[in-house]
Structure formats: C-alpha cells, structure tokens
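Asks: Would you be able to build a 3D model of this:
(one chain, ligands or ions: 1)
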Amino acid sequence: MEELERLREKIDQIDEQIVELLNRRAQLAQQIGEIKKRLGLEIHAPERERQIFEKIIQINTQRYKETFPTKALLHIFREIISACLSLEKPIKVAYLGPKATFTHQAASEYFGLSAQYIPAPSIRDVFQEVETDRADYGVVPVENTTEGVVNYTLDMFLESDLRIVGEIVIPIRLHLLSTCTDISQIKKVFSHRQALAQCRMWLEKNMPWVDLIETESTARACEIALEEEASSAIASEVAAYTYHLHVLAENIQDNPNNYTRFLVIGKRSMKKTGKDKTSLIFAVKDEPGALYRALESFYLYNVNLTKIESRPSKKKAWDYVFFVDLEGHTEDEHVREAIELLKSRTQMVKLLGSYPRALIQES
Ligand SMILES: O=C(O)C(=O)C[C@]1(C(=O)O)C=C[C@@H](O)C=C1
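Replies: Residues are numbered from 1 along each chain as shown. Next up, the predicted model:
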C-alpha cells in the first residue's frame, strides 16, 4: 500500500509539471501570435506543426522506445497545438456535416478540438463557406479504398479556385447502431450509399431480411434510427455516442483495410516540408498519343504519380480532364520542370496545390 501511495505521489508531481509546462507553452504561443500579427504572417503554420509532430515521434521512439504509445502522444499534441493556436486566433473549419460524420472526425483529427466547426449540408456548401471567408478551411471526402473517388469533390475543383492545403487519411470502421437491443428486432438499415456498399456482404449474411435505405450521410441515418422504431444506422463510433445509440455489431465493413482520404481546402499556398504531394488537373486534345505525351512529362523528370483519375470536362460530350496526384512540391526543381513540360504538351493545366502528405496513413 505504501508503495502505491508513493507512486501516486510521483504521478501527482509529474501532472503538476505537465500543467505548468502546458501553461508556459501557451504563453510562448501567444507571444509568437503577437509577432506574426505584427509582421502580417499567417497565424496557422501547418508546416511548423508537421515539424513538431515528426520531432516528437522521433524522440518518443528513439529515446523512450514508445513506453508511452506514439499514437496517443500524437493525439495529445494535436490538442495541445490546437489549443495554443486558438489562443492566437480561433480557426474556423467547415466540413461536410451533419455532426459526427466521418468528415467531422477527419477534420477534428487534423485541427483538434479547439477549432470552431461549421457543419455544411453539401460538398458545394463546404467550398462556399471557404470562398466567402465564413470559414478559414474546409474538409471534404475525396476517395475511399473500397468505393473509389468522390466525383462531386473532384468536379468542384473544375469550377472553384480554392486550393488543396492538406490531406487526411483515416480508417473507416463501421458499426450497426440502434435504439433496439437485438439485431432480430431490426427491419430497416439506414446509411450513406458508400457505407451500405462497404457492408454489403456482412448485411447479406447476418441480416438478410432487412430493407436497406440510403441517406445523405451516416449522421442523418443516426437521426432516423433515433426516431423510427425497429430501425438502425450504419455509422462511426463517434456517431454512436453523439446520438446515444447502442452498438449492436462492431466493424461490419467487408474490407478491414478500409480507409477514406479527405482534402483540406483553403485559399493559401503551403510551404515545402520535404514530404509533400501536389494535385493538378490537365486536359489534352482528342488525338492519338495526347495522354501518352502528357504523362511522359512526369516520366522524363522522374516524378512519381500516386493517382490519376479521368472525369468528364462538362464542357463538351466525351471530353475529359485528368486529375493527378504526384509526389513532391512545386518548389522542387524536378516537379516544377515536369509541370512546365506538361503545360507545353497539353491544352490546360490547373494547379490545385502542394501540401504535406497525410501523417498517419494507418492505425
Ligand atoms: O510556431 C508557431 O508559429 C506557433 O504559432 C505555435 C504553434 C504551436 O502551438 O506549436 C501554434 C500554431 C501554429 O499552427 C504552429 C505552432
């Protein structure tokens, strides 16, 4: 017992030190904020945040061999930086709502809980919130490992001048939620089209009798599941506690490696971090070899493409544009030269932005 008391006393001392250090850190951030305001610099500095994250991962793994789990440490630092930033300037973030969607989860993992969140009813509305300066940033889904791209988001970049300033990749874990206490009581399952598709095999095997009904979001499905008898929703764990629903079955997605990638959109340009990605759109003439010549620009300058997607241009029937993600930043010499060559070999190139690659791709 004495030993227990002694150890707890030590923990109390450490906690006191942590609180003291956090307050000292907050004061320093406030001072930095004042200087940045005076010099007219951007208050939010994601490149600096990236540096901090990489440094603490290194210290925690090399010096302390991860006695304290790195994943938890990253969450804690996300919140520390989010709180310090909010002392300098509150950041407003629009996301595809309503509350407790996966986009909301992605946004809070990126900006932390001290940011102000604005749920928007559609992807177009998220863009509008940022375009009209009601939000500093927007967060929208762009692709899922099982269901492919979110076309609506790609198409928005054809008309909007907003830039991509970041990306977030989160694992999608889907659960069956209801006010009922047993699966046998359920007659209807509500969810977003993609979530229903991602659980198709599980539903056929375990609940072949149910009606599947599409909703505009997983969060909307939860609202319906709360109101309608004998119904259920497929949604996230965050949604389960936000809407006070029982989790009747966990992780019902058919593919365990199910990730969704989200884009952070804004008006600014991001500085090079050394671990960046660049996204762009290009259009080629409708003639043999046009796409081949365009893509050769990347090959000749040794630029690695991580994604290429074609979409109708919406200007003429059967006219296509190509969305490309590549490794590197436009400040990198080889990327800059590849893009210059691409411009000379295509009809149109629109740069959507260079931004730091997602930090956590798994977990
Ligand atoms: O270094 C800065 O520029 C800060 O404002 C401090 C700080 C931090 O808490 O570490 C806060 C917000 C920025 O986005 C980056 C870092």
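
Asks: Got the confidence number for the residue of the stretch 51-200 of the chain found nearest the ligand?
Replies: Using Cβ to the nearest ligand atom, the closest approach of the stretch 51-200 of the chain to the ligand is made by Cys84 at 3.3 Å. The C-beta positions use only the backbone N, C-alpha and C, and glycine is treated the same way. We have a pLDDT of 98 for Cys84.

Asks: gap between Arg336 and Phe157?
Replies: Distance, Arg336 to Phe157, using Cβ to Cβ, to the nearest Å: 21 Å.

Asks: Of those two, which one has the most company?
Replies: Phe157 (24 against 15; other Cβ atoms under 10 Å).

Asks: Pro98 contacts Ile118, doesn't it?
Replies: No - using Cβ atoms under 8 Å, Pro98 is not in contact with Ile118; the gap is 11.2 Å.

Asks: low-confidence ranges in the protein?
Replies: 360-363 (pLDDT under 70).

Asks: tell me the domain boundaries of it?
Replies: As given by automatic domain parsing, the domain ranges for the chain are 2-88, 92-172+259-265, 175-249, 271-356.

Asks: any idea which of the ones you listed is most buried?
Replies: domain 92-172+259-265 (a mean of 21; mean count of other Cβ atoms under 10 Å).

Asks: Establish whether it and the ligand are in contact.
Replies: No - using Cβ under 6 Å from any ligand atom, domain 92-172+259-265 stays clear of the ligand, with a minimum separation of 9.8 Å.

Asks: Run through the residues that contact Asp254.
Replies: By Cβ atoms under 8 Å, 6 or more residues apart in numbering, Asp254 lies in contact with Thr146, Gln198, Cys199, Arg200, Met201, Trp202.

Asks: residues touching the second one, list them.
Replies: Counting by Cβ under 8 Å, 6+ apart, Gln198 touches Asn144, Thr146, Glu147, Ile172, Leu174, Gln253, Asp254, Asn255, Asn258.

Asks: Give me the subset of the residues you listed that lies in strands.
Replies: Asn144 (DSSP state E).

Asks: I'd like the contacts of Gln198 as CSV, with distance to Leu212 appended.
Replies: Listed next are those as CSV, based on distance: Cβ to Cβ, whole Å:
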residue, distance to Leu212
Asn144, 18
Thr146, 16
Glu147, 15
Ile172, 18
Leu174, 13
Gln253, 15
Asp254, 14
Asn255, 18
Asn258, 18
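
Asks: Make TSV out of the contacts of Asp254 and add secondary structure.
Replies: Converted to TSV, these look like this (DSSP: H, G, I helix; E, B strand; the rest coil):
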residue	secondary structure
Thr146	coil
Gln198	helix
Cys199	coil
Arg200	helix
Met201	helix
Trp202	helix
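
Asks: Now Ala222: closest residue in space that isn't a chain neighbour?
Replies: Not Ala; residue 222 is Cys. Tyr243 (4.1 Å; Cβ to Cβ, 6 or more residues apart in numbering).

Asks: And the helices in the chain?
Replies: 2-39, 46-58, 70-88, 102-111, 123-131, 151-159, 193-198, 200-206, 218-227, 237-242, 290-300, 333-345 (DSSP state H).
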